[in-house]
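[1] Below: sequence and its predicted model.
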Amino acid sequence: MKDTIKIAVAGVGNCASSLIQGIYYYRDKGPRDAIGLMHWEVGGYTPADIEVVAAFDIDKRKVGKDVNEAIFAPPNCTTVFCPDLPSSGVRVQMGRILDGLSEHMREYEATYTFLVADEPEPSRKEVIKVIQESGADILLNYMPVGSEEATQFYADCALQASVAFINNMPVFIASSPMWARRFKGKNIPLVGDDIKSQLGATITHRVLTDLFKKRGVKLDRTYQLNTGGNTDFLNMLNRHRLKSKKKSKTEAVQSVTAQRLDNENIHIGPSDYVPWQKDNKICFIRMEGKLFGDVPMDMELRLSVEDSPNSAGVAIDSIRCTKLALDRGIGGVLEAPSAYFCKHPPRQFTDDEAFQMVEEFIFADRIKFDEVPDYISRKSDKTTAPV
């Protein structure tokens, strides 16, 4: 009998809420009515095969509660599309704070935006013990933007607990040679960095930038501005925490331009916190360039999406690809999943290239039996092996 995919979650925020709701939502679906999935089945695993076995957070409204209850607690504000969840039997554990809480967030305690739990912080050994005893296969990192120390803490815990690590946040783990070597040395799968939404600002901006290149339009300058009302946008009011986030988002677009833009001609990054938007993210993209005959043109786009389900639609595939790597005994950075699912992988590819790479990764066991979809070229010489 096929195993379930056991995951541990560090950070029970909006993204974790959407992911966990989705696991239950698709249990009653079949491949014909599973709207919103990139893949119904990955290596034999469906969304229903994913099981949360451990969770960590630092908010007093979540710590100590069943994880299926905690995902609906404030300050979470994402869309509830699967409200009636059964008890999971998994209690949210107190996590390490470190730099996972920006100092300015404490100013919002009076408005119930953030409340730190009274429980003592666990030691590294205690966190590792919880992960190991849970039987988790994979640890997902959902720390806030700018949480360098906290992300590295959980990455190290994953290594010590011998579980795979998916870094959904813009702290450079998979794209760090040091961390990549550590995971490769222990033959533990690693995916990252900074999850790319299913149809969000970055993927849309990248596709349009690639379109300019393919159609011979010279891109002169561009910006991407984003507003939102969730805790992530509130956290990003502290501009000192945005260095890696801006680098991740900017490089995701720069990497697909025909010619890299000067820094003054490209601006990509969060713009402002608008409380009443809650988990709705509004993105404004402007692109200016020149057509045939040096004739100028410009394009403006407004995109409105629910931020966290947009993330979960990718995370659910990233989890299953990571489980495939575990099943196949593959460790280190998973290049194909990282390139397709993340904004800042170790190596950037166009989205068309990354799509084909991840399809070949998923169907690697079937290629020799000629059972792959028609859109996969069997003559491709691109590698999907981990770096």
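    Ah, there it is.
[2] okay, and for this protein, where does confidence drop off?
    Counting by pLDDT under 70, the ranges of the chain that qualify are 1-2, 106, 108-114, 367-387.
[3] all helices for it, in order.
    Along the chain, counting by DSSP state H, helices occupy 14-25, 67-70, 124-134, 148-161, 177-185, 201-214, 231-235, 243-254, 307-328, 335-341, 351-362.
[4] Now tabulate the ones you listed in TSV and tack on distance to residue 193.
    (C-beta placed from N, C-alpha, C; glycine too.) Formatted as TSV, the entries for the helices of the chain read as follows, by distance: least, Cβ to Cβ, whole Å:
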stretch	distance to residue 193
helix 14-25	15
helix 67-70	25
helix 124-134	20
helix 148-161	9
helix 177-185	10
helix 201-214	13
helix 231-235	16
helix 243-254	7
helix 307-328	12
helix 335-341	8
helix 351-362	14
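[5] With respect to residue 288, which of those helices lies nearest?
    helix 201-214 (10.3 Å; Cβ to Cβ).
[6] coming back round to it: could you single out the most deeply buried of the helices of the chain?
    Highest mean neighbour count among these (mean count of other Cβ atoms under 10 Å): helix 335-341, with a mean of 27.
[7] What is it packed up against?
    Other helices and strands packing on helix 335-341, by 3 or more Cβ pairs under 8 Å, 6 or more residues apart in numbering; DSSP states H and E, are strand 189-191, helix 307-328, helix 351-362.
[8] And the ones you listed: which comes nearest residue 42?
    It's helix 307-328; of those, that one is closest to residue 42 (Cβ to Cβ) at 3.7 Å.
[9] As a check, name the ranges of all strands in the stretch 51-200 of the chain.
    Under the criterion DSSP state E, counting those that start in this stretch, the stretch 51-200 of the chain contains strands at 92-94, 138-141, 164-167, 189-191.
[10] can you tell me which of these comes nearest to residue 343?
    Residue 343 lies closest, by Cβ to Cβ, to one member of the strands of the stretch 51-200 of the chain: strand 164-167, at 11.1 Å.
[11] In the closest one, which residues are buried?
    Buried positions in strand 164-167, judged by neighbour count with 16 or more other Cβ atoms under 10 Å: 164-167.
[12] Ignoring the adjacent residues along the chain, who's closest to residue 104?
    If the residues on either side of it in the chain are set aside, residue 104 comes closest to residue 238, at 5.2 Å by Cβ to Cβ, 6 or more residues apart in numbering.
[13] which residues touch the one you found?
    Each residue near residue 238 by Cβ atoms under 8 Å, 6 or more residues apart in numbering is listed here: 102-104, 146.
[14] Residue 296 and residue 215, how far apart?
    For residue 296, the distance to residue 215 (Cβ to Cβ, to the nearest Å) stands at 15 Å.
[15] should've said residue 309
    Taking Cβ to Cβ as the measure, residue 309 and residue 215 are separated by 32 Å.
[16] and the most centrally placed residue in the chain, what are its bridge partners?
    Nearest to the centroid of the C-alpha atoms of the chain, with distances taken as Cα atoms, centre = their mean, sits residue 195, at 2.6 Å. Beta-bridge pairing of residue 195, defined through DSSP bridges, involves residue 342.
[17] what do you get for residue 164?
    residue 138.
[18] wait, isn't it in contact with residue 139?
    Yes - between residue 164 and residue 139 a contact is recorded at 7.2 Å, counting by Cβ atoms under 8 Å.
[19] Distance of the nearest residue to residue 48 once chain neighbours are set aside relative to residue 85?
    Beyond its immediate neighbours in the sequence, the residue positioned closest to residue 48 (Cβ to Cβ, 6+ apart) is residue 27, lying 4.3 Å away. Computed with Cβ to Cβ, the distance linking residue 27 and residue 85 is 11 Å.
[20] ok, those two, which is more surrounded?
    Ranked by neighbour count (other Cβ atoms under 10 Å), residue 27 and residue 85 place residue 85 first, with 18 against 13.
[21] ok, the closest residue to that one other than its chain neighbours - contacts?
    Nearest non-adjacent residue to residue 85, counting by Cβ to Cβ, 6+ apart: residue 68, 4.1 Å away. Residue 68 is in contact with 20, 85-88, 90, counting by Cβ under 8 Å, 6+ apart.
[22] State the distance from the nearest residue to residue 63 once chain neighbours are set aside to residue 125.
    Distance criterion Cβ to Cβ, 6+ apart; nearest residue to residue 63, sequence neighbours excluded, is residue 117 at 4.1 Å. As judged by Cβ to Cβ, residue 117 and residue 125 stand 20 Å apart.
[23] just residue 251 next, same as before
    In terms of Cβ to Cβ, residue 251 sits 36 Å off from residue 125.
[24] same deal with residue 103?
    Residue 103 sits 28 Å away from residue 125 when distances are taken as Cβ to Cβ.
[25] now do residue 209
    Applying Cβ to Cβ, one obtains 46 Å for the distance of residue 209 from residue 125.
[26] Quick one: residues contacting the residue sitting furthest away from the middle of the chain.
    Residue farthest from the centre of the chain, counting by Cα atoms, centre = their mean, is residue 293 at 41.3 Å. Under the criterion of Cβ under 8 Å, 6+ apart, residue 293 has no contact partners.
[27] show me what contacts residue 153?
    Taking Cβ under 8 Å, 6+ apart as the criterion, residue 153 is in contact with 96, 98, 124, 127.
[28] One more: residue 224?
    For residue 224, the contact set (Cβ under 8 Å, 6+ apart) comprises 201-202, 205, 249, 253, 267-269, 283-285.
[29] possible to save those as a markdown table with distance to residue 180?
    Rendered in a markdown table, the data for the contacts of residue 224 read as follows (distance: Cβ to Cβ, whole Å):
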| residue | distance to residue 180 |
| --- | --- |
| 201 | 27 |
| 202 | 22 |
| 205 | 26 |
| 249 | 21 |
| 253 | 23 |
| 267 | 30 |
| 268 | 25 |
| 269 | 26 |
| 283 | 31 |
| 284 | 35 |
| 285 | 32 |
